[in-house]
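Colleague: Provide a 3D model corresponding to the input given below.
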Amino acid sequence: MGKIKVTHDCNGIEGLKVIEPAVFGDARGYFMETYNYNDFKEAGIDCQFVQDNQSASKKGVLRGLHFQINHPQDKLVRVVNGEVFDVAVDLREGSETFGKWFGIVLSAENKKQFFVPKNFAHGFIVLSDYAEFCYKVTDFYHPNDEGGILWNDPAIGVEWPMPEGMTQADLILSDKDKVHGGFDAYCKERGIVR
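Modeller: Model prediction:
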């Protein structure tokens, strides 16, 4: 392996992985491999990615917490411009960490990537003035397959850092993200007893 460093302990949530690529720099700039199937397979990430996505958002935008209902996706996410706080919530029924979350700062500067397996809710908040967010996924986008959990549901308790100079009241969310149900509603809808 050698080209990537992989952290497997993400608050004890099995399956989540933080990837740090080897960066080769000199006076001209830098080079790094952002994805190499063999290295990732050796690190326990043996996926067939079928789609790459990219989004741009301004400071204070919060996207999430999103999941796919019938077509779950593994995701490999990174930031190519700016800085975000990225979050994954375990929605795997029967998992010892069901309902637990992990968050990490991803930035163009730290070049970290975050692997989020299927059946996790995912979201992020933009901490910099502007951010570009890239992610590889293992299933195609199905517009009628989106689910969500309220980003600030106390039953999950994500500790979202606020962008400098902003409060929760200043955050920018989509209309859908403002009205998602909480974790208890998610469990009740699926007959899950916690």
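Colleague: In the protein, which helix is the longest?
Modeller: helix 183-190 (DSSP state H).
Colleague: any idea of the mean pLDDT for it?
Modeller: Helix 183-190 shows a mean pLDDT of 94.
Colleague: likewise stretch 58-77?
Modeller: Across stretch 58-77, pLDDT averages out at 97.
Colleague: Go through the longest helix of the chain and flag the buried ones.
Modeller: Of the residues in helix 183-190, 183, 186, 187 count as buried by neighbour count, 16 or more other C-beta atoms under 10 Å. Heads up, the C-betas are built off the backbone N, CA and C, glycines and all.
Colleague: Which pLDDT value belongs to residue 178?
Modeller: pLDDT, residue 178: 96.
Colleague: which strands and helices sit next to the longest helix of the chain?
Modeller: Helix 183-190 is packed against no helix or strand, with contacts defined by 3 or more C-beta pairs under 8 Å, 6 or more residues apart in numbering; DSSP states H and E.
Colleague: what comes into contact with that helix?
Modeller: The contact list for helix 183-190 (C-beta atoms under 8 Å, 6 or more residues apart in numbering) reads 91, 93, 99, 147, 149-150, 153, 155-156, 181, 192-194.
Colleague: How about stretch 78-85?
Modeller: Residues outside stretch 78-85 that contact it (C-beta under 8 Å, 6+ apart): 34, 54, 56, 103-109, 111-114, 124-135, 160-161.
Colleague: ok, of the residues you listed, which come out buried?
Modeller: Neighbour-count burial (16+ other C-beta under 10 Å) is assigned, among the contacts of stretch 78-85, to 103-107, 111-114, 124-128, 131-135, 160.
Colleague: And the strands in the chain?
Modeller: Assigned by DSSP state E, the strands in the chain fall at 4-7, 17-21, 23-26, 29-32, 51-58, 62-68, 75-81, 83-90, 101-107, 113-116, 120-126, 130-137, 146-148.
Colleague: May I see these organised as a markdown table, with distance to residue 45 added?
Modeller: As requested, the strands of the chain are exported to a markdown table (distance: least, C-beta to C-beta, whole Å):
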| stretch | distance to residue 45 |
| --- | --- |
| strand 4-7 | 8 |
| strand 17-21 | 7 |
| strand 23-26 | 19 |
| strand 29-32 | 17 |
| strand 51-58 | 16 |
| strand 62-68 | 18 |
| strand 75-81 | 7 |
| strand 83-90 | 14 |
| strand 101-107 | 16 |
| strand 113-116 | 6 |
| strand 120-126 | 14 |
| strand 130-137 | 10 |
| strand 146-148 | 24 |
